[in-house]
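S.K.: please find the sequence and the predicted model below.
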Amino acid sequence: MSSGKLESSVTSSRPGGPARANLGEPHGALPQQASPSPPMATTSNIPLVPAPPAAPLPASPRPRRRLQWMHRLPELLIESLIRLCGWSAILFVFGIFFFVFREGAPFLFGGLDLKEFFTTSNWNPVSDTPHYGILGLLAGTLSVTVLSMVIAVPLGLGAAVYVSEFSTPKLREFLKIAIEMLAAIPSIVWGFIAYMILNPIIIEVTGAPVGVNILNAGIILALMSVPVIVSVGEDALKAVPDGYREAALALGASRWEIVYRVLFPAAKNGLLAAVLLGVGRAIGETMAVLMATGHANQIPHSVLDRVQTLTATIAAELGETVQGDDHYRVLFVIGILLFAIAFIVNLTADLVVKGIRGKQNA
Amino acid sequence: MPDTQGNHFRYYVGPRAAGAGDGSATAAFDSVGTVIEHIAHTHARSQPGATKLRGHDRVDICRLADRAGNSRGAARPRYRFYVDPLGSGLARATGTAKLPWPDLETAVAGLEQLDRRGAIPLDPGECLSLHVREVFSATPVDRAKRRRETIARYVLLCVTLTMVVPLVLILTHLVAKAWPVLSPSFIFENPHNNMSAGGVWAPLVGTFYLVFISLLAAAPIGVLAGVYLNEYAGDNWFTRIVNLAVLNLAGVPSIVHALFGVGAFVMFAGMGYSVLAAACTLAIMTLPVIISSTREALASVPMTFREACWNMGASRWQTIRTIVLPNSISGILTGVILQVSRAAGETAPILFTGAAYFMNVPNRGLRYFLPYSLNDSFMALSYHLHVMLTQVKGASSEQIARGEAIPLEHLQYGTAVVLIGLVLVVNSFSIGLRMFLRTRKKW
């Protein structure tokens, strides 16, 4: 410590000396050097003074090594634990696939007529001659998802643009909290809202005999997937470098022109990913659609028809099945299908986002 | 006709007034006031077919120098007045360069007033000029552009509000409908009389159980996985696969998680239809939320903190333990709390792994607080709401009249409000924590 004080006084007595300038340079490249704290300054100046003769090290290396081992061991343990936890995500995804597949496979490879499964809409698993046609369920899922996206994509992207580009900071804070709250509402409560509030409103407005139908589920699902679209879309817009906006402003573009001509093309992939994630959420939603769609297996002809979706079918029927019978297993087959759809949607979203990253780096 | 050079109009006022002059040098107006009146008629925007003044236009009023009218006025006008649509726009505008009149109507009124007061006398050969400034004034293209921007701004605001307004409406509607039953006794009483009376205590405790156990399982794994991804994982194909797995875990439909729970925990692991199986299913479902929020929190700790620590000779784990985690612990907590709110609201994953339709829980004693063991099935608030909505028959009107039961609708709304309240309170706590952190952030 005394040597440190000594040499710091030496440097201050001749600031800007040639030796100091040369030696200071590599340290100046470090960001911390902007405001060097006293101990840092002393360490950076150590080469200036001749090093004091090093104190002889204790001559016994053995205890030292043991000490190191004792320090290293818990660290190695904890590091391997961390690695294990990190890899567990892969394990869980495979686990999900494996266990769902394990329950569904016996029927998938023995007994299930895949042609009937995908091309007919006769879903009647509990009759004497059971039929497993999921075309109606697929149509139900598809119609509800499409309608919800028709509502949610303009809303979500518009809100993302507003929050990211137009709103004042205070308003932005408020809107983001509101959107977060919207995302926090549990799906069963959305189902409750669909059943108790939206149902009579739809009957009143459209004159349909039942208010739980595609329209109802579409609106509810749109409200549920909008927060995803907004937050991912906002991230995508924020990821566009400010230089793009400034360049456009310098050319005299208005804010809307910046959004329309610059940000949309630049953030295209991110926005697409946002929409895809919204689609994923809409397809996978269970409890809200169970209550909002009316749960009637048919190919829909209008938005006021009741439908039944893949997810709701599992939720409604798994409790009534006998474990291990065909009906039980076919529900797991639907689960495999849903897993595959979700996997493809997420993979596509990921690739789409990675695509822009790669291009921007190039 | 006035002298016109492009967008520069010049009217003359002559000593030799020719009755109804038209402002030209040969037929000048008789007074400045007449000219101003004329300008108001021919240039003001409200007049149909008027020669409207735009940016860079200029109107001069000149007094002829001599009787012959051969003077074209002084080169430098004696008075300059300005009209600027983007100027101050204030009522106290005086037409000076600093406080220009906002439009020609105001300018004409102002000039008339000045003229009446005799404040702008013009000697022969002198000139008064009125400039319409172009600098920062809108061209038609600009104006259209700005109009489009305003439209876009308000349309987008409306779009955003269509998400906020339903939220507020729904919440107020729910609370208003549930108001008759909302009381401490509704929360602290168990449901009884075939769930047609009583409160939500047993399901509420079940939800606490569920969330707590799932948190015990998910939080350590999730946080450590976040640490791995942010601190250890290199930029290689394996990390990409791990990232993809996290993303997919987040995207798997909740009902598929339920199927997984049935296959893995209820049957394969032999946990049976129990709190434990349901909590494990939920834990895996909420894992990606914790992982990604932990990652974000860790990534917000500046790299220089770590470098400084490494320079002191600390190992990687020592750095994480003493520098990185303490600096990001609150961010991690935010994510974990968020997970709590999500786990509390989920229904599908517990549907087949442990949620019970009804359990008889006594209203006093130890079992009031600890109604379920780990291997029991349990009541959860979210599933309770589902049951109330789809399977419970309301009490008869006589029972309600005798005070033995509460109308079904009130119970349904009450349950929904308790659930949503629980979730939103936890969520606001997380948001509040995050905002508090942002104010305290030192780097």
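M.R.: Sure, I can see it.
S.K.: residues of stretch A:225-239 that come out buried?
M.R.: Buried residues in stretch A:225-239, defined by neighbour count with 16 or more other Cβ atoms under 10 Å in any protein chain shown: A:225-237. In short, each C-beta sits where N, CA and C put it, glycine included.
S.K.: and it with chain B, contact?
M.R.: Yes - if you take Cβ under 8 Å from any Cβ of the partner chain as the test, stretch A:225-239 does meet chain B, through A:226, A:230.
S.K.: for chain A, what are the nearby residues on the stretch 51-200 of chain B?
M.R.: Within the stretch 51-200 of chain B, the positions near chain A by Cβ under 8 Å from any Cβ are B:145-146, B:148-149, B:152-153, B:155-157, B:159-160, B:162-164, B:166-167, B:170, B:173-174.
S.K.: mark which of those residues are part of helices, please.
M.R.: B:145-146, B:148-149, B:152-153, B:155-157, B:159-160, B:162-164, B:166-167, B:170, B:173-174 (DSSP state H).
S.K.: how about the helices in the stretch 251-362 of chain A?
M.R.: A:255-257, A:264-266, A:268-284, A:287-292, A:310-317, A:326-361 (DSSP state H, counting those that start in this stretch).
S.K.: one more: the stretch 201-350 of chain B?
M.R.: For the stretch 201-350 of chain B, the helices defined by DSSP H, counting those that start in this stretch cover B:201-227, B:237-251, B:254-261, B:275-299, B:303-311, B:316-319, B:325-345, B:348-351.
S.K.: wait, isn't residue A:267 in contact with residue A:236?
M.R.: Yes - between residue A:267 and residue A:236 there is a contact under Cβ atoms under 8 Å: 4.4 Å.
S.K.: with adjacent residues omitted, what lies nearest to whichever residue of the stretch 1-150 of chain A sits closest to chain B?
M.R.: Closest approach of the stretch 1-150 of chain A to chain B (Cβ to the nearest Cβ) occurs at residue A:86, with a separation of 2.8 Å. Of all residues not flanking residue A:86 in the chain, residue B:228 sits nearest, at 2.8 Å (Cβ to Cβ, 6 or more residues apart in numbering or on different chains).
S.K.: for that neighbour, what are its contacts?
M.R.: A:82, A:83, A:85, A:86, A:87, B:242 (Cβ atoms under 8 Å, 6 or more residues apart in numbering or on different chains).
S.K.: mind listing what the last one touches?
M.R.: This points to residue B:242. Residues near residue B:242 by Cβ under 8 Å, 6+ apart: A:86, A:87, A:89, A:90, B:228, B:229, B:233.
S.K.: name the nearest residue to the second one, ignoring sequence neighbours.
M.R.: Spelled out, that is residue A:87. Nearest one to residue A:87, counting by Cβ to Cβ, 6+ apart, is residue B:242 at 6.6 Å.
S.K.: where does pLDDT dip in chain A?
M.R.: Scanning chain A for pLDDT under 70 picks out the ranges A:1-68, A:355-362.
S.K.: that older thread, give me the buried subset of the ones in helices among the residues of the stretch 51-200 of chain B next to chain A.
M.R.: Using 16+ other Cβ under 10 Å, the buried ones in those are B:145, B:149, B:152-153, B:156-157, B:159-160, B:162-164, B:170, B:174.
S.K.: any chance of those in CSV, plus pLDDT?
M.R.: As requested, these are exported to CSV (pLDDT from 0 to 100):
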residue, pLDDT
B:145, 85
B:149, 90
B:152, 93
B:153, 92
B:156, 93
B:157, 92
B:159, 91
B:160, 91
B:162, 87
B:163, 85
B:164, 88
B:170, 90
B:174, 92
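S.K.: looking at those, which is nearest residue A:258?
M.R.: The nearest member of these to residue A:258, counting by Cβ to Cβ, is residue B:149 at 9.6 Å.
S.K.: contacting residues for the closest residue to chain A within the stretch 1-150 of chain B?
M.R.: For the stretch 1-150 of chain B and chain A, the shortest gap (Cβ to the nearest Cβ) falls at residue B:149, measuring 4.3 Å. Taking Cβ under 8 Å, 6+ apart, we find residue B:149 in contact with A:254, A:255, A:256, A:257.
S.K.: contacts with chain B among those residues, please.
M.R.: Counting by Cβ under 8 Å from any Cβ, the members of these near chain B are A:254, A:255, A:256, A:257.
S.K.: of all those residues, which two lie farthest apart?
M.R.: A:255 and A:257 (7.3 Å).
S.K.: these two: who's more crowded?
M.R.: Under the criterion of other Cβ atoms under 10 Å in any protein chain shown, the comparison of residue A:255 against residue A:257 puts residue A:255 first, with 21 against 18.
S.K.: where does the nearest residue to that one once chain neighbours are set aside sit relative to residue A:183, distance-wise?
M.R.: Leaving aside its sequence neighbours, residue A:255 sits nearest to residue B:149 (Cβ to Cβ, 6+ apart; 5.4 Å). Distance, residue B:149 to residue A:183, by Cβ to Cβ, to the nearest Å: 30 Å.
S.K.: thinking again about what came up before, from the ones next to chain B among the contacts of residue B:149, pick the one nearest residue A:328.
M.R.: Among those, and counting by Cβ to Cβ, the member closest to residue A:328 is residue A:256, at 55.3 Å.
S.K.: wait, isn't that closest one in contact with residue B:156?
M.R.: No - using Cβ under 8 Å, residue A:256 makes no contact with residue B:156, being 9.0 Å away.
S.K.: residues from the stretch 301-443 of chain B in reach of chain A?
M.R.: Within the stretch 301-443 of chain B, the residues that sit near chain A (Cβ under 8 Å from any Cβ) are B:304, B:307-308, B:315-318, B:341-342, B:344-348, B:351-352, B:382-383, B:385-386, B:389-390, B:409, B:412-413, B:416, B:419-420, B:423-424, B:427-428, B:431.
S.K.: which residues touch residue B:184?
M.R.: Under the criterion of Cβ under 8 Å, 6+ apart, residue B:184 has no neighbours.
S.K.: again but with residue B:346, I slipped
M.R.: A:186, A:187, B:254, B:282, B:285, B:382.
S.K.: how close does it sit to residue A:286?
M.R.: From residue B:346 to residue A:286 the distance is 10 Å (Cβ to Cβ).
S.K.: cool, residue B:427 as well?
M.R.: Taken as Cβ to Cβ, the span from residue B:427 to residue A:286 is 21 Å.
S.K.: what of residue B:418?
M.R.: As judged by Cβ to Cβ, residue B:418 and residue A:286 stand 22 Å apart.
S.K.: now the strands for chain A?
M.R.: Here chain A has its strands, by DSSP state E, at A:123-124, A:131-132.
S.K.: my guess is residue B:116 meets residue B:36, correct?
M.R.: No - using Cβ under 8 Å, residue B:116 is not in contact with residue B:36, being 10.0 Å away.
S.K.: of those two, give the one with the bigger neighbour count.
M.R.: residue B:36 (27 against 10).
S.K.: so that one, which of the three states?
M.R.: Under DSSP: H, G, I helix; E, B strand; the rest coil, residue B:36 falls in the helix class.
S.K.: ok, now which ones touch it?
M.R.: Residue B:36 makes contact with B:61, B:108, B:111, B:112, B:115, according to Cβ under 8 Å, 6+ apart.
S.K.: nearest spatial neighbour of it, skipping sequence neighbours?
M.R.: Residue B:36 sits nearest to residue B:111 (Cβ to Cβ, 6+ apart), 4.9 Å away.
S.K.: list the contacts of the helix or strand where that neighbour lies.
M.R.: Residue B:111 belongs to helix B:104-117 when assigned by DSSP states H and E. With Cβ under 8 Å, 6+ apart as the test, helix B:104-117 has contacts from B:32-33, B:36-37, B:39-40, B:43-46, B:53, B:81, B:83, B:93-95, B:101, B:120, B:130, B:132.
S.K.: pull up the pairing partners for the helix or strand just after that helix, direction included.
M.R.: With elements assigned by DSSP H and E, the helix or strand that comes after helix B:104-117 is strand B:127-132. Here strand B:127-132 is paired, per DSSP bridges, with strand B:58-63 (antiparallel), strand B:79-83 (parallel).
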